[in-house]
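Undergrad: okay, here's the prediction I keep looking at, along with the sequence it came from:
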Amino acid sequence: MDLVKKWSLFYVEAGCDEVGRGCLCGPVVAATVILDDNFNQNLVNDSKKLNFKTRMDLDSYIKDNVKDYAIAELSAQFIDQHNILNASIHAMHQALDQLTIRPELILVDGNKFHPYNYIPHECIIKGDSKVLSIAAASILAKNYRDRLMIELHEEHPEYGWDTNFGYATKKHQQALIKLGPTKYHRQSFRLKYD
């Protein structure tokens, strides 16, 4: 199924998505993308449906061929203070803050968002598999976060972040039992395993 390039007929649209909500550690990362009218890349899809190499190959194409994009991250400490939903939405707001073009409509993957700067928004369930700008944002956010977790893996190789990217795999859970959490772990998440 082709992704919708324009959700509305007349508005400048910014697609927003985040990644890392279900991880035990690391930041939550959000991206926003304003497509160019000539953007034409039929490989762009929900980042969860693409393999690592395809996503990384698409990264520079997206950045070079959209009108505007931005990426923002919020730390595990921010997540612990404000909860993961609020942190995810705040990261999207921070990404929107960085855009040089002001959108007229914000398209958000999911069902929750807080109003932003009096700009209308629409929440779209599974938006990253329906709307091209959201799918592009999902790829940028996922690539940014994956690269970051690979870097953090160098600091703490025992947790396997170069392959699990902070998700609760068996290796990650066993390392938590043996070594306990790092400063990158979210203390408000369930970190102890039986």
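TA: Arrived safely. All figures in this text were calculated on a predicted structure; none of them were measured in a lab.

Undergrad: C-terminal to the lengthiest helix in the chain, what's the next element?
TA: Ranked by residue count, the top helix of the chain under DSSP state H comes out as helix 132-155. Sequence order places helix 161-164 as the next helix or strand after helix 132-155, per DSSP states H and E.

Undergrad: returning to what we had before: name the helices or strands packed onto the longest helix of the chain?
TA: Packing partners of helix 132-155 (3 or more CB pairs under 8 Å, 6 or more residues apart in numbering; DSSP states H and E): strand 13-19, strand 28-35, helix 52-65, strand 66-74, strand 105-109, helix 161-164. Quick note: C-beta positions are derived from backbone N, CA and C, even for glycine.

Undergrad: buried set for it?
TA: Across helix 132-155, burial judged by 16 or more other CB atoms under 10 Å covers 132-146, 148-149, 152-153.

Undergrad: what's the answer for stretch 32-48, then?
TA: For stretch 32-48, burial by neighbour count (16+ other CB under 10 Å) applies to 32-35, 39, 44-47.

Undergrad: now do stretch 114-130
TA: Of the residues in stretch 114-130, 116, 121, 124, 127-130 count as buried by neighbour count, 16+ other CB under 10 Å.

Undergrad: repeat that for stretch 55-71.
TA: Using 16+ other CB under 10 Å as the test for burial, stretch 55-71 gives 55, 58-59, 62, 66-71.

Undergrad: average pLDDT for it, rounded please.
TA: Mean pLDDT, stretch 55-71: 95.

Undergrad: contacts for that stretch, please.
TA: 14, 29-36, 38-39, 41, 43-44, 47, 50, 95-101, 136-137, 139-144, 146 (CB atoms under 8 Å, 6 or more residues apart in numbering).
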